[in-house]
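Engineer: fold the following, please.
(2 chains, ligands or ions: 1)
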Amino acid sequence: MEGITLYSMGGCPFCIKAKSFLKEKGIGFSEIKVKPGSKKREEMIEKTGSDLPPQILIDGEPVGGYSELVNLFMTRKLDEKGGANNELASPVLYDVLIIGGGPAGLNAALYSSRKVLKTILISNNIGGQVADTYDIENYLGFSQIETADLINKFDEHVEKYGIEKLIGEKVTSFDLTGKIKKVVTGKGNTYYCRTVIIATGKRPRPLNVPGEKELIGRGVAYCSTCDAPLFSGADVAVVGGGNSALEAVIDLAKVANKIFMVSLTPLTGDPILINKVSSLSNVSIFTKHDTTKVLGDSSVKEIEIKSLDTREVSRLKVEGVFIEIGLLPNSDIVIDTLETNQQGEIIIDNVCRTGITGVFACGDVTSIPYKQVIIAAGEGAKAALSAYDYLNKQR
Amino acid sequence: MAKEFLSKKGVEFTAYDVTKDRDALKEMMEVSGGARTVPVISVCNNVMVGFDPDRLELDLNCLKQSTEI
Ligand SMILES: Cc1cc2nc3c(=O)[nH]c(=O)nc-3n(C[C@H](O)[C@H](O)[C@H](O)COP(=O)(O)OP(=O)(O)OC[C@H]3O[C@@H](n4cnc5c(N)ncnc54)[C@H](O)[C@@H]3O)c2cc1C
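Structural biologist: Predicted structure coming up:
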């Protein structure tokens, strides 16, 4: 038998994958459908020694299933076997593909490239959440460092190893099953790799009230360090009662005229910060108040708040509202493939493995406690070393 | 990033620091229909809130056309 023969069965996901893979690459094949108990099924078992479809034969020689097919293609062995069109160039196969350019992703890239693994890093931006704060005072070796400098140092260090970086691209979907994984970006580019390290971090949690989404960038803000200076002399509100809300109030107190702090609960942040905020003369604190609306046409004019005790609704005239009510993990793209906890954080073991082999996760997007730069960076190193071990065992 | 992009393209531009210049902040909010975020980039009469290199590239075409005429 010449060329590629594929034994398939209805309702078998890897059969569908194998067929669409071959079609996508423009490789011709003939398909033999097998049913349970049929003669064709006997024939498949006899020729391949396996009863699990899909089974693929090239020039009559059994090569295995879907993973083996992709592997042959990636290692360019499909051409030698005579299956593929010789002019068809195989895309690059990366050992490690890292998603996310925060401390976790950057350190994973550093460790991975030092192990001479072929590495690519894809991220919306460099620095991640670190870029949302002004300085870091608890990174070992730097008693105080501006975040822009720290990010530059991270980036320069990684750059020394010349790893491939794709910045400004978002990963929108992927196929993580199988030995070769496929990653697709929002711009429609496709990458193939043996391991994936997910280091997508966290993002600010929205309030989800009317007017919020419409007025983002028009007075609604999520990063006081970035945007506080735009509100000099203005009256503003900060929603939240934890550390990030308290820090936002402290940032704003230096530039804004009056600050209203609105919290659903009593203030829950560190006592040091609570004391500092309580001592500021231009801050009014509303605890046990729900923020129910953001009002304004082209920019924020007011917010509506409601007392949990008296149910009384009132409005505060403000030009800006900073929403500081915690963070959400950027795990949306894997929420239906990987195991996550109640907060949506990816559950990993102590060497950063997820439930799927060859897929690792690290940093703030995972279930590990204590979200800090130094911890995320350390976890990134662990994920890369764990990927290295996995690859060694594969070869 | 936006500044680097424009310099690389050899485009002359004026940068206003709206955190220090209240009048510039007011003007920015007026031309952009209320935007209170940075950057806001105005090319000819196109106003872009945020920095999208692909869009800015397109917007910059108006400069080429006006000099060619
Ligand atoms: C205001 C603030 C102040 C802080 N202060 C401190 C401090 O003083 N000290 C300290 O140690 N820690 C501090 N932290 C915490 C610290 O910033 C985080 O723990 C750390 O940044 C986590 O790193 P990470 O790499 O896991 O995730 P992140 O920093 O969140 O990085 C994730 C990266 O992934 C990218 N990404 C996400 N989804 C995709 C996708 N689908 N495709 C492509 N790219 C994607 C993002 O753009 C980002 O670049 C602070 C955090 C905040 C918000």
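
Engineer: backbone phi and psi for the residue nearest the centre of chain B, please?
Structural biologist: The centre of chain B sits closest to residue B:41, judged by C-alpha atoms, centre = their mean, with a distance of 1.8 Å. Here is the backbone geometry of residue B:41 (degrees, to the nearest 10): phi -120, psi 130.

Engineer: next: the one 4 residues further on.
Structural biologist: Geometry field for residue B:45 lists phi and psi as phi -110, psi 10, criterion degrees, to the nearest 10.

Engineer: please apply the same query to residue B:49.
Structural biologist: The phi/psi pair for residue B:49 (degrees, to the nearest 10) is phi -100, psi 120.

Engineer: same thing with residue A:68?
Structural biologist: The phi and psi values for residue A:68, taken as degrees, to the nearest 10, are phi -70, psi -40.

Engineer: that one and residue A:6, how far apart?
Structural biologist: To residue A:6, residue A:68 is 12 Å away according to C-beta to C-beta, to the nearest Å. C-beta: built from backbone N, CA, C; applies to glycine.

Engineer: quick one: the strands in chain B?
Structural biologist: For chain B, applying DSSP state E gives strands covering B:40-43, B:46-49.

Engineer: actually the stretch 251-395 of chain A, not the one I wrote
Structural biologist: A:258-262, A:283-286, A:289-295, A:302-307, A:313-317, A:320-323, A:327-329, A:359-361 (DSSP state E, counting those that start in this stretch).

Engineer: quick one: which of these is nearest residue A:32?
Structural biologist: Smallest distance to residue A:32 across these (C-beta to C-beta): 32.5 Å, for strand A:359-361.

Engineer: the closest one packs against which elements?
Structural biologist: strand A:190-198, helix A:373-394 (3 or more C-beta pairs under 8 Å, 6 or more residues apart in numbering or on different chains; DSSP states H and E).

Engineer: in CSV: the ones you listed, plus mean pLDDT.
Structural biologist: Formatted as CSV, the helices and strands packed on strand A:359-361 follow (pLDDT from 0 to 100):
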stretch, mean pLDDT
strand A:190-198, 96
helix A:373-394, 96
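
Engineer: make TSV from the ones you listed and add mean neighbour count to it.
Structural biologist: TSV is the format used below for the helices and strands packed on strand A:359-361 (neighbours: other C-beta atoms under 10 Å in any protein chain shown):
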stretch	mean neighbour count
strand A:190-198	24
helix A:373-394	20
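
Engineer: what comes up buried for the lowest-mean-pLDDT helix or strand in chain B?
Structural biologist: Within chain B, no helix or strand scores below helix B:53-68, which has a mean of 74 by mean pLDDT, DSSP states H and E. Residues of helix B:53-68 classed as buried by neighbour count (16 or more other C-beta atoms under 10 Å in any protein chain shown): B:56, B:59-60.

Engineer: same deal with stretch A:160-177?
Structural biologist: For stretch A:160-177, a neighbour-count test (16+ other C-beta under 10 Å) marks A:163, A:165-166, A:168, A:171, A:174, A:176-177 as buried.

Engineer: for stretch A:44-56, same thing?
Structural biologist: A:44, A:47-48, A:53-56.

Engineer: what's the answer for stretch A:2-16, then?
Structural biologist: A:4-9, A:12, A:14-15.

Engineer: how far off centre is it?
Structural biologist: 33 Å (C-alpha atoms, centre = their mean, to the nearest Å).

Engineer: for burial, what's the neighbour tally of residue B:32?
Structural biologist: Neighbours of residue B:32 under the rule other C-beta atoms under 10 Å in any protein chain shown: 20.
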